[in-house]
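**Student:** this is a predicted model, with the sequence first.
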Amino acid sequence: MNPNQLTYSNSVPDDIDFNISAALAAAPAEDSPVAAVFGAAFDAISNPDYPYLAVTSKISLDAVADYSYIGSVTDGFQTVTFSTNMEKVPPDGINNWGVPPYTEDPNKPATLYSGYSATTTTWTLSRPARTFGIELMPNAFGTWTYEVDFYTGDLLVGSITRTIIVPGPPLGPSSQGARLFAAFTNDIGFDRIVIKSLSGNTLGFLVGQIRYQSCVKLCNAVIGDTAEKGATVPVTCCVSVPGFEVISVSNDIKATILSTCCEVQEGVVCPVIGPVAGIKTASAKIFAQLQIPVTLRSGGGGCLPIVIPYTCTTSAVFTIENVFISGEIKNCRVIGVTDVAGTDFHVVPPKPDTPNCCIAGNVSLSAKVSACVMTNCIEVSKC
């Protein structure tokens, strides 16, 4: 194969016989993107015009070594991870990319190459993006059809299908070359795209000008924000006093706090939509020793029964989920515990010929938690 019949000339494999004449013989379809909407509002963006460029941030490839193979790219805020490694190709390593209005820049950009046998790949975003777009060009000359699917979690929000004619200028006319696959949603945002060739093997494809607009809510930090939230756990406590059994139990429970911690995790799981990337959640854990008042009675043994008060002691762990949910959470800590209460405590029925020595019920506990949490939320494209 003539290397000049490829977009990325260094990619020509010796063991592939590619019918360029047959590929060039196919008539191109209408160039406008064909959008299929499956979920929330989904709008395809035809060309990288000013509104698209103004509201999005570009992930630069400048820091990536030329001709290196990488598994992800990042700008420090958004990270895009590839299902298979891609090769960074500098601008002078590709031919005939394209020109505005179909591409962002009249000059050839740095690109990522999929490898000559790739027909599909999945890109995963670390933060959901309300707008996401790439410029794409098949590697071999001809007329090809590509599709990019945009997902939110497992939901396919929409798809864009475009026919691309290679080469673009200067060898081909200005109307040919790379095309934009970009979309906007007013819902949660895209967190994954799948790029696939509908024309079979095009000796791989090249992607450039990766752009996004985040839909994460970022906010102004407020030091010392506090919240109070609680948790309820089941508790069982057993008494080991020879000759005595439990005859009653009180809900008037006291707690000695042994230790506390506040953990911050990336990502929050919403009941309706599932995991949401780009948001942090803080959860508290309280390790407590519980003192539960009970009344014991002796078994007699020839004497009058003896009834005495007693304290049943046991330990419990209270996990309080999602005390804070925000774009950023720092210095999270438990500053106090309040409102320890027992409910539904009862004497556990004994086994045959066994004294009543255990009680069971539920204990509720509330805790005050402080953190530096981002509040006064506004939607921005980038932190």
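**Tutor:** Received it, and whenever you're ready, just let me know what you need. Residues are numbered from 1 along each chain as shown.
**Student:** how many residues are close by the closest residue to Thr152 other than its chain neighbours?
**Tutor:** For Thr152, ignoring the flanking residues on the chain, the nearest one in space by C-beta to C-beta, 6 or more residues apart in numbering is Ile188 at 5.3 Å. Every C-beta, even on glycine, is put in place using the N, C-alpha and C of the backbone. Residues lying near Ile188 (other C-beta atoms under 10 Å) number 20.
**Student:** likewise for Asn10?
**Tutor:** So Asn10, with other C-beta under 10 Å, has 12 neighbours.
**Student:** wait, what's in contact with Leu206?
**Tutor:** Thr7, Tyr8, Val89, Ile94, Thr111, Leu112, Tyr113, Ser114, Leu136, Met137, Asn139, Ala178 (C-beta atoms under 8 Å, 6 or more residues apart in numbering).
**Student:** and it, which of the three is it?
**Tutor:** Secondary structure state of Leu206, per DSSP: H, G, I helix; E, B strand; the rest coil, is strand.
**Student:** got it, and the one 3 residues further on?
**Tutor:** Taken by three-state DSSP, the conformation at Gln209 corresponds to strand.
**Student:** what lines up beside the host helix or strand of Ala182 in the sheet?
**Tutor:** Per DSSP states H and E, Ala182 falls inside strand 179-184. Using DSSP bridges, strand 179-184 pairs in its sheet with strand 43-45 (antiparallel), strand 120-138 (antiparallel).
**Student:** the helix or strand just after it versus strand 179-184: what angle between them?
**Tutor:** As assigned by DSSP H and E, the chain's next helix or strand after strand 179-184 is strand 190-197. Put simply, strand 190-197 runs at 150 degrees to strand 179-184, going by axes from the mean of the first three to the mean of the last three C-alpha atoms, to 10 degrees.
**Student:** what's strand 190-197 packed up against?
**Tutor:** strand 120-138, strand 142-152, strand 205-214 (3 or more C-beta pairs under 8 Å, 6 or more residues apart in numbering; DSSP states H and E).
**Student:** change it to 6 Å
**Tutor:** strand 120-138, strand 142-152 (3 or more C-beta pairs under 6 Å, 6 or more residues apart in numbering; DSSP states H and E).
**Student:** by how many degrees do it and strand 142-152 diverge?
**Tutor:** 160 degrees.
**Student:** neighbouring strands for strand 190-197, and are they parallel or not?
**Tutor:** Applying DSSP bridges, you get strand 120-138 (antiparallel), strand 142-152 (antiparallel) as the partners of strand 190-197.
**Student:** quick one: those as a markdown table, columns for distance to Asp225, mean pLDDT and mean neighbour count too.
**Tutor:** As requested, those are arranged in a markdown table below (distance: least, C-beta to C-beta, whole Å; pLDDT from 0 to 100; neighbours: other C-beta atoms under 10 Å):
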| stretch | distance to Asp225 | mean pLDDT | mean neighbour count |
| --- | --- | --- | --- |
| strand 120-138 | 23 | 95 | 23 |
| strand 142-152 | 29 | 95 | 22 |
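**Student:** looking at those, which is closest to Phe244?
**Tutor:** Closest to Phe244 of those is strand 120-138 (C-beta to C-beta; 59.9 Å).
**Student:** low-confidence bits of the stretch 201-350 of the chain, can you list those?
**Tutor:** 215-224, 267-278, 299-303, 350 (pLDDT under 70).
**Student:** per-residue pLDDT of Asn2, please?
**Tutor:** pLDDT recorded at Asn2 is 61.
**Student:** return the set of buried residues in stretch 160-171.
**Tutor:** Ile160, Thr161, Arg162, Thr163, Ile164, Ile165, Val166, Pro167, Gly168, Pro169 (16 or more other C-beta atoms under 10 Å).
**Student:** looking at these, which is nearest Ile59?
**Tutor:** Ile160 (19.3 Å).
**Student:** the closest one: what's it in contact with?
**Tutor:** Counting by C-beta atoms under 6 Å, 6 or more residues apart in numbering, Ile160 touches Pro33, Ala35, Ala44, Val148, Phe181.
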